[in-house]
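In: I need the structure of the sequence given here:
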Amino acid sequence: MAEAYIVAAARTAGGRRGGKLAGWHPADLAAQVIDALLARSGIDPAAVEDVILGCVSQVGEQATNIARNAVLASKLPESVPGTSVDRQCGSSQQALHFAAQAVMSGAMDAVIAGGVESMTRVPMFTPNVLPAKAGLGSYMSPAMKARYPGVEFSQFTGAEMIAQNYGIQKDALDRYALESHHRAIAATRAGVFNDEIVPIDVLLADGTRSGEQHTVDEGIRFEATLEGIAGVKLIAEGGRCTAATASQICDGASGVLVVNERGLKALGVKPLARIHHMSVMGHDPVIMLEAPLPATQRALKKAGMSIGDIDLHEVNEAFAPVPIAWLQALDADPARLNVNGGAIALGHPLGASGTKLMTTLIHALGQRGKRYGLQTMCEGGGMANVTIVERL
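Out: This is a model prediction of the structure:
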């Protein structure tokens, strides 16, 4: 079977809710990343055979196949199709898997995988809230309710369950959150993100342009202190998690260009990385966020590797208990985890986070001269994708 290579990877800097990306229609925002991938790779736009985009809230401005709409808003010709993926927070990581599978099979030679989410313009939970208000029912079917009687699936509940099950106290969560900001601050000040970020014109919510470009992740709190983080109100009474120890609401887009050997030869460029392993696993939907732990263990076994073989890890910081529990379960080195900060500081633009993390991981491997990187993230419904890449 053919190999799958990543030849370009890019992302926007994260935008706060109502912030510097608030004026961008999500299809146009995704198109900016697509155009950047074309420019960085030098590929003939007509040679791209598909665009697969992850997006969680596929309603309103993100409805009616956001991937195809992004194609039509980009420099790609009309001949390039597009399809949209929803595997919750792992949507664009799954888009990457689908793209890799397509080129490895030989069915296609060049595919763009990515994701977009404007959490300002399409707020979280909108796909559930709008139908409920219109009396159109809920995603919870009678059969699901019978299988999980009395259960209200909630990531907030899952985060608290993980903290309790793994003995993670609130002060540990607070310290982890501060470290995420400190790593993101250090990376930003050192220019670590410069090569991966696509400069985007600041377009405010009213549609006006400020004349500046957005190049710094807006969620980073440069003056963060442990005291400030510790003082944030608990999400649930008697719980351990707060908004400060959870991922930030974020607007953003990201993407990668994936090719096989034929595509690589046609481009005549050196690949950034090779897909070494990819898998996905379902787990307990009640605790929900624990899936990356067994999924990573299984992925390493299937790949014939140990955690020590992996030089850098990206584990999405949906809630601080997730990466902390992951470190415990894998007996992993915390110095290799989210080395440039994570979603607590940089934001979590839902459907865009998968290829956002992959973009950061690939660039970090190159900057540090490392070989193997592993990415995983918890997903609504109790799932997790795992991707292992080899830097080339």
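In: Which parts of the stretch 101-250 of the chain are strands?
Out: Counting by DSSP state E, counting those that start in this stretch, the stretch 101-250 of the chain has strands at residues 110-118, 200-203, 209-214.
In: list the buried ones in the last one?
Out: By neighbour count on 16 or more other C-beta atoms under 10 Å, the buried set for strand 209-214 is H214. From N, CA and C alone the C-beta is placed, and that goes for glycine too.
In: sorry, back to before: could I get the strands of the stretch 101-250 of the chain as TSV with distance to E237?
Out: Supplementary listing: the strands of the stretch 101-250 of the chain in TSV, determined by distance: least, C-beta to C-beta, whole Å:
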stretch	distance to E237
strand 110-118	30
strand 200-203	39
strand 209-214	37
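In: Point to the helix or strand of the chain where mean pLDDT is at its lowest.
Out: One helix or strand of the chain scores below all others by mean pLDDT, DSSP states H and E: strand 209-214, with a mean of 90.
In: Touching that one from outside, list them.
Out: Surrounding strand 209-214, the residues in contact under the criterion C-beta atoms under 8 Å, 6 or more residues apart in numbering are 12-13, 15, 20-21, 199-204.
In: got it, and stretch 224-244?
Out: Residues external to stretch 224-244 that are found in contact with it (C-beta under 8 Å, 6+ apart): 156-157, 159-160, 163-164, 168-171, 173-175, 177-178, 181-182, 245-246, 319-321, 344.
In: Which members of those are positioned in helices?
Out: 156-157, 159-160, 163-164, 170-171, 173-175, 177-178, 181-182, 321, 344 (DSSP state H).
In: Could you give me the PyMOL selection string for whichever of those are buried?
Out: Below is the selection syntax for PyMOL that covers the buried ones among the ones in helices among the contacts of stretch 224-244, with 16+ other C-beta under 10 Å defining burial:
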select buried, resi 157+159+160+163+170+173+174+175+177+178+181+321+344
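In: element containing the spatially closest residue to P334 that is not a sequence neighbour, please.
Out: Here the nearest residue to P334 in space, its sequence neighbours aside, is L327; by C-beta to C-beta, 6 or more residues apart in numbering that works out to 5.6 Å. Per DSSP states H and E, L327 falls inside helix 321-330.
In: so what does that helix touch, helix or strand wise?
Out: Counting contacts by 3 or more C-beta pairs under 8 Å, 6 or more residues apart in numbering; DSSP states H and E, the secondary-structure elements packed against helix 321-330 are helix 155-165, helix 170-189, helix 292-303, strand 312-315.
In: Distance from the chain centre to it, please.
Out: On the basis of C-alpha atoms, centre = their mean, to the nearest Å, helix 321-330 sits 18 Å off its chain's mean C-alpha point.
In: And the helices in this structure?
Out: Counting by DSSP H, the chain has these helices, from start to end: 26-41, 66-73, 91-105, 126-133, 142-147, 155-165, 170-189, 226-230, 261-267, 292-303, 321-330, 343-346, 353-368.
In: Which positions within the first one qualify as buried?
Out: By neighbour count with 16+ other C-beta under 10 Å, helix 26-41 contains the buried residues 26-38, 40-41.
In: Centre-most residue in the protein?
Out: Centroid-nearest residue in the chain: S353, 1.4 Å away (criterion: C-alpha atoms, centre = their mean).
In: Report the spatially closest residue to V59, excluding sequence-adjacent ones.
Out: Here the nearest residue to V59 in space, its sequence neighbours aside, is P127; by C-beta to C-beta, 6+ apart that works out to 4.8 Å.
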